[in-house]
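Enquirer: Only the shape, not the letters, is given here:
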């Protein structure tokens, strides 16, 4: 019909010419095929993802226990209640500390391992496999193992005892427990972050390094002035991913500490779950989820602006 | 450029120490699972003094791990199958077909990806409850049978296939649907493999959704069974580690066999759970 066969056997990858063509008239077969192909996926995503997003907006404006057929409209009551809820502020603080820790450690550890793996190296596949192992392990299994390694009579304190140090009860102190949760999260995602950085590094232009080396730049200078700035788009991505992971964290917390001790690790995900599914306050729980969403979007935007202006300066 | 010996040795040293830290919990899980209960409390040695393989039998008798396993396998098959079929159809439409609101629709799906799970999970749960799907395979599987990540991953791959092939097929009288099934699908096996592995790991390791929609051991998945096991056998570390290892083995096996496809998938899409 209107297929254009372009010359040259290796055309650049990209959308089809007919797909780019401004629609003079819709090609019936194409539209019908598209409709048939899209229906199953859109039906499922529509019912279980897209509609729930809209519906959640409404539920957050009601006082609903999840079972009543009638959802009592409550306006902004849930959001007002959040502002003066000490549990919410606690959860926000916990999430902020946790997210900051996860971001910083994810960038540092991911970058460090990628740097070590970047140059030709024997056994690279082995290392990559090892660092990836925690990522494919379920959160439940990972959290169970760590929970018992951190037990007062567990592995960590047994090792400390070898050095004559009396280990604390890690998961009973709020800041130690939060620290353990942070380390567990970073441990689990270390392989992902390293692979992301490694991919970005291997796409960097070699010429810049040669020039830097000719100018007599040391390893650390090259790292500071060449590698890190050039990797900033990937760092942005890793940070955003780490933030989203932290703001969504649930499985690890549920199994490792259950949000304890006394709310010490009750991140927003855990707080939402407890409010909606344990206490049965679906309206309030949804409002918490929405505030989490706004926080994620806000932080991402700020981070994006910051990294964007950083690039413009150079 | 060859690096000095000292640098190479130093790098290996750091990488090996790092590997040890990463691997240690797995080793500890394994050795603990073979210790007697008394030994798990004394921590006198890392290796068990006597090897209690029967711990695995006892752990399996203490909880219906067989049933949990079966449930997880059924769920994984349903979700992986759904992703392969539904995601690929939608991805082809977005990659190659021209239809009204194509770009708008795609942007909507992309935006939906950024919404935290907790926003959608409460209404999604009530929908599943209204459908009477709580505590059923349908409740576990159907809401997860399509996935935006899969659509993006496949769309990216389909777009990299030269469009001349489609054109040639059309000249030969092949329909759009026929082009998809005869040209695109056979050429996209690596992408389908990557998606299948990701979907399997996602389904096998998923926690929150199965936690919400299952109430009984008949449909509980291995992860939920395992977390309940922690509550009941929290002091029997050896059993607990035996159960944990049992639940972890499928993910590790899949990973070891398909490492290449998995890493390629992350590198191309930046996918992360």
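Expert: That came through fine. Quick caveat: nothing in here was measured; it's all calculated off a predicted structure. Numbers count the residues shown, from 1 in each chain, chains lettered A, B, ... in the order given.

Enquirer: Run through the helices of the stretch 51-200 of chain B in chain order.
Expert: Under the criterion DSSP state H, counting those that start in this stretch, helices of the stretch 51-200 of chain B are mapped to B:54-62, B:65-82, B:88-96, B:102-113, B:117-130, B:137-141, B:148-159, B:163-171, B:176-179, B:185-187, B:189-205.

Enquirer: for the second one, packing partners?
Expert: The one in question is helix B:65-82. Applying 3 or more Cβ pairs under 8 Å, 6 or more residues apart in numbering or on different chains; DSSP states H and E, one finds that helix B:65-82 makes contact with helix B:137-141, helix B:189-205, helix B:222-232, helix B:237-269. Just so you know, the C-beta spots here come from the backbone N, C-alpha and C atoms, and that holds for glycine as well.

Enquirer: what's the burial count for the closest residue to residue A:296 other than its chain neighbours?
Expert: With sequence-adjacent residues excluded and distances taken as Cβ to Cβ, 6 or more residues apart in numbering or on different chains, residue A:296 is closest to residue A:247, at 5.1 Å. Look at residue A:247: counted by other Cβ atoms under 10 Å in any protein chain shown, it has 21 neighbours.

Enquirer: Also residue A:97?
Expert: Residues lying near residue A:97 (other Cβ under 10 Å) number 17.

Enquirer: Enumerate every residue touching it.
Expert: residue A:178 (Cβ atoms under 8 Å, 6 or more residues apart in numbering or on different chains).

Enquirer: From residue A:182, how far off is it?
Expert: 8 Å (Cβ to Cβ, to the nearest Å).

Enquirer: again with residue A:158
Expert: Counting by Cβ to Cβ, the gap from residue A:158 to residue A:182 is 22 Å.

Enquirer: Comparing these two, which shows the higher neighbour count?
Expert: Neighbour count, other Cβ under 10 Å: between residue A:158 and residue A:182, residue A:182 has more, with 21 against 16.

Enquirer: Check the spacing between the more buried one and residue B:36 real quick.
Expert: For residue A:182, the distance to residue B:36 equals 34 Å [Cβ to Cβ].

Enquirer: now swap in residue B:8 and tell me
Expert: Look at residue B:8 and residue B:36: by Cβ to Cβ, they are 44 Å apart.

Enquirer: burial count for the closest residue to residue B:81 other than its chain neighbours?
Expert: The shortest distance from residue B:81 to any non-neighbouring residue, by Cβ to Cβ, 6+ apart, is to residue B:145 (7.9 Å). As a burial measure, residue B:145 scores 22 neighbours (other Cβ under 10 Å).

Enquirer: thinking residue B:145 is in contact with residue B:87, fair?
Expert: No. Residue B:145 is beyond contact range of residue B:87, at 9.0 Å (criterion: Cβ atoms under 8 Å).

Enquirer: What residues does the spatially most central residue of chain B make contact with?
Expert: Closest residue to the average C-alpha location of chain B: residue B:201 at 1.5 Å, with Cα atoms, centre = their mean. By Cβ under 8 Å, 6+ apart, residue B:201 lies in contact with A:136, B:251, B:254-255.

Enquirer: Scan those and report the most crowded one.
Expert: Going by other Cβ under 10 Å, residue A:136 tops those with 24 neighbours.

Enquirer: What pLDDT does the model give that residue?
Expert: As predicted, residue A:136 sits at a pLDDT of 90.

Enquirer: Contact partners for it?
Expert: B:201, B:205, B:251-252, B:254-255, B:262.

Enquirer: Tell me which two of those sit farthest apart.
Expert: Greatest spatial distance among the contacts of residue A:136 (Cβ to Cβ): B:205 and B:262, at 13.3 Å.

Enquirer: higher neighbour count, those two?
Expert: Counted by other Cβ under 10 Å, residue B:205 and residue B:262 do not tie: residue B:205 has more neighbours, with 26 against 23.

Enquirer: Setting the sequence-adjacent residues aside, check what's closest to the more buried one.
Expert: Excluding the flanking residues, the one nearest residue B:205 by Cβ to Cβ, 6+ apart is residue A:138, at 3.8 Å.

Enquirer: List the buried residues of stretch B:236-253.
Expert: Across stretch B:236-253, burial judged by 16 or more other Cβ atoms under 10 Å in any protein chain shown covers B:236-248, B:250-251.

Enquirer: where exactly do the strands run in chain A?
Expert: Counting by DSSP state E, chain A has strands at residues A:62-63, A:72-73.

Enquirer: Touching, residue B:263 and residue A:132? I think so.
Expert: Yes. Residue B:263 lies in contact with residue A:132 (Cβ under 8 Å); the separation is 7.4 Å.
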